[in-house]
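Q: Whatever this is, show me its structure:
(chains A, B, C, D, E and F)
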Number of protein chains: 4
Amino acid sequence: MVNRMTHPSAPRGRPRDSRAHQAILTAAAELVAELGYAAASIGAVAARAGVGKDTVYRRWPGKAELVYEAVFTRTEAAPAPDTGSLTGDLTALLESLVQEFAAPAATAALPGLLADFAADPDLRARIRSEFLAPAKDGLVAVFERAVRRGEADPGLPVDLVLDTLAGAVFFHVGLVGERPGPQLAAQLAAIVGRGIETR
Amino acid sequence: MVNRMTHPSAPRGRPRDSRAHQAILTAAAELVAELGYAAASIGAVAARAGVGKDTVYRRWPGKAELVYEAVFTRTEAAPAPDTGSLTGDLTALLESLVQEFAAPAATAALPGLLADFAADPDLRARIRSEFLAPAKDGLVAVFERAVRRGEADPGLPVDLVLDTLAGAVFFHVGLVGERPGPQLAAQLAAIVGRGIETR
Amino acid sequence: MVNRMTHPSAPRGRPRDSRAHQAILTAAAELVAELGYAAASIGAVAARAGVGKDTVYRRWPGKAELVYEAVFTRTEAAPAPDTGSLTGDLTALLESLVQEFAAPAATAALPGLLADFAADPDLRARIRSEFLAPAKDGLVAVFERAVRRGEADPGLPVDLVLDTLAGAVFFHVGLVGERPGPQLAAQLAAIVGRGIETR
Amino acid sequence: MVNRMTHPSAPRGRPRDSRAHQAILTAAAELVAELGYAAASIGAVAARAGVGKDTVYRRWPGKAELVYEAVFTRTEAAPAPDTGSLTGDLTALLESLVQEFAAPAATAALPGLLADFAADPDLRARIRSEFLAPAKDGLVAVFERAVRRGEADPGLPVDLVLDTLAGAVFFHVGLVGERPGPQLAAQLAAIVGRGIETR
DNA sequence: GGCTAATCGAGACGGTACGTCAAGTCTTCCA
DNA sequence: TGGAAGACTTGACGTACCGTCTCGATTAGCC
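A: Okay, the predicted model is just below:
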């Protein structure tokens, strides 16, 4: 009975081939890294994956969703380490953000990907709720610890700070193409950390 | 002789029609605002402007340059007002930045435009040197005044702060589609201003 | 023992469902009548019959064979009545031919069906041996009676006359879409009958 | 002034390239002859002609119209010779019909072409008015001469006779694939000629 | 006033990608 | 083993833009 509730429709017919799924994601990440987002066509992804176009369209509605999954959902969310200070926590958080955005496939994909997300109302709503969700969770945890330590006031505009961090990294790394130095995260964390701490 | 040197080739043949130039820019801004950047094709711009496609391609190499000029170079650079304090100056600077990015045509154009700029090496180099140049001039002036006042140290990473401000506004307004409240510029200025001021 | 010889492999496993067989034929005839031959896909036939595609392909090699069986092998061959004269016999034979070709499903199916038969070498060979076989049997009987009566000479080119009759009806009814008047069979029989009779 | 009347709309824009036109027709005829009607795709025709697909679709709405023009409108209509007798005239007319239908490209194209014409209401109407028009003109001329000679009665069902002749040749040559012997036209002319002549 | 030359609107050109559809095969679970 | 369901590869469909080109017709500066 419980199974019936949780699996209301038994999966009928031939199940989807998980090797095809994986091959498509790999091919998409490769092609985006090689050719850039705009030049990586769905047809080319399918061809490299050894798969028909329908097999791609059956799983993803368009290039944006496919590339998003291929490039950005493979790394696990960092556990938001507790370094003992607001600036230290922000540095750690920014370091993982920089690392994620600076990966070759990510740099190649980000601008076009964000443009496609912004152009579609459905996708646009998912930027905050999906794309930035892991970072937001981390940021909220960092804030809570800072408030407990007395370093920060409650009521901080979390979304605004998140957009600032993400926007800064995107512009600096993803858009202008600056290779991120090892001190980038610390610099940003210093500015924003001091900007939001109490006093 | 001097004229000959500076204008080595006298303009022969029929001169370009400035009304066509203007009609194209207007049509481009309208179409981007109505359909979005991706759906606004050069053919459609030419048709609405009552102009042949070649007349567009003769003046701009592609959609990115055309839309950039149509949407972003019509407002004059603000004169960077001196409000007497770093935070006040930053607020003023951010207010004009927010105003520029929040215009309907700009919101519609920005993500796709930045994606096209980022995808092309030549255009990518122009993001800082052209797109962000006016804002950078303003920011440099603000910094110099703050240093003179003793509010800030020389040697601030201007480019990084600039990317932070622009990135924050782009993510918050241009990408996520948040309607900017009247306090947005002040909030951001407070965070970044306090983050970079001396001590 | 004899049964075992004639059926050397006893049918093992689940026997084929004859209701599925019938449902497929009915669905095929309906869809061809509704949408035309080209637009009636095997997938749609299977879906309407409540059947998997494999169940169709297990019984028929392709759309042509399926539709042929669905549309043309349901009416029993007429017994070739003896009216006492060559023209009368031809009229009767043509009337059943016209009736068969003028049925809605037949009109819809014929051109595409013949095209598919003609395109495939195996099927092309079956046009005479199957498609036209009943009519040919009838025509041969009619000729034999006419020869016995002295109305016709032996050695008539049966195949050519058959192609003429079938081609005339196909062009007039199946292709041009002319609704066949009640005198059509008689008119054709008069022309061809007088054309082949002795003297 | 008169020119203005006869050419009310001056041809603007780049004129169509007649070499492309010709290359497409040649490629279409070749591919149909090589692969058959169904397997000759418009994309393949365009590729062989060294032309974009749009250049094909700009001139013809679909494969049927293109192939019809490529295969059947290249031979000039025969002048309907006056042999002095109804049967002789019919033989001449049928000889050119057989010759036209028996050409390799025509045999390959005919069944599929007629199916596509029959499937589309607009095209179906054009079978008589275009496809059969030259033959009909010839047949009418033959009939008029026969009536003047007293060999035939006025009021003959021209369309029915035409469908009979065309249908016979199509079935015998185009569909069944019979190689037409030299006596085919004479045999058919004998049957139909005697069938319709007075007395 | 003719000559030269670039620009104008229009639209055809060769390409490339799109997203959909059908064909015929294969793979799962269920009877 | 049969059957229903549906995923699979392949390949054609017809459309839309891309950026370039080719027309005839303007519209200037130059001799």
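Q: State whether residue A:39 is indeed within a strand.
A: No - applying DSSP: H, G, I helix; E, B strand; the rest coil, one finds residue A:39 to be coil, outside a strand.
Q: what about it, distance to residue A:45?
A: Between residue A:39 and residue A:45 the computed distance is 11 Å (Cβ to Cβ, to the nearest Å). Every residue, glycine included, has its C-beta placed from N, CA and C.
Q: more neighbours, those two?
A: Using other Cβ atoms under 10 Å in any protein chain shown, the more surrounded residue of residue A:39 and residue A:45 is residue A:45, with 27 against 13.
Q: element containing the nearest residue to residue A:69 once chain neighbours are set aside?
A: Using Cβ to Cβ, 6 or more residues apart in numbering or on different chains and skipping the chain neighbours, the partner closest in space to residue A:69 is residue A:25 (6.5 Å). Per DSSP states H and E: residue A:25 is located in helix A:18-35.
Q: Does DNA strand E have contacts with that helix?
A: No - using Cβ under 7 Å from any atom of the strand, helix A:18-35 stays clear of DNA strand E, with a minimum separation of 8.5 Å.
Q: Could you pull out the buried residues of that helix?
A: Neighbour-count burial for helix A:18-35 flags A:20, A:21, A:23, A:24, A:25, A:27, A:28, A:29, A:30, A:31, A:32, A:33 (criterion: 16 or more other Cβ atoms under 10 Å in any protein chain shown).
Q: For residue B:185, see how far away residue A:155 is.
A: Residue A:155 is 19 Å from residue B:185, by Cβ to Cβ.
Q: Where does the prediction get shaky in chain A?
A: Chain A contains residues with pLDDT under 70 at A:1-9, A:74-78.
Q: can you list the domains in it?
A: Split into domains by automatic domain parsing, chain A comes to A:16-72, A:86-196.
Q: Could you list every helix and strand in contact with the strand or helix carrying residue A:87?
A: Secondary structure from DSSP H and E places residue A:87 in helix A:86-102. Other elements packing on helix A:86-102 under the criterion 3 or more Cβ pairs under 8 Å, 6 or more residues apart in numbering or on different chains; DSSP states H and E are helix A:104-119, helix A:133-149, helix A:158-169, helix A:184-196.
Q: quick revisit: name the next helix or strand downstream of the helix holding residue A:25, please.
A: In N-to-C order, the element after helix A:18-35 by DSSP H and E is helix A:42-49.
Q: Please say whether there is contact between the next helix or strand after that following helix and DNA strand F.
A: Reading on from helix A:42-49 to the C-terminus, the next helix or strand found by DSSP H and E is helix A:53-57. Yes - Helix A:53-57 reaches DNA strand F (Cβ under 7 Å from any atom of the strand) through A:53, A:54, A:55.
Q: Of those residues, which is the most crowded?
A: Most surrounded of these: other Cβ under 10 Å gives residue A:55, at 17 neighbours.
Q: Show me what from chain A comes close to DNA strand F.
A: A:12-17, A:20-21, A:50-55, A:58-59.
Q: Who's the closest spatial neighbour of residue A:88, skipping the chain neighbours?
A: Nearest non-adjacent residue to residue A:88 (Cβ to Cβ, 6+ apart): residue A:189, at 7.8 Å.
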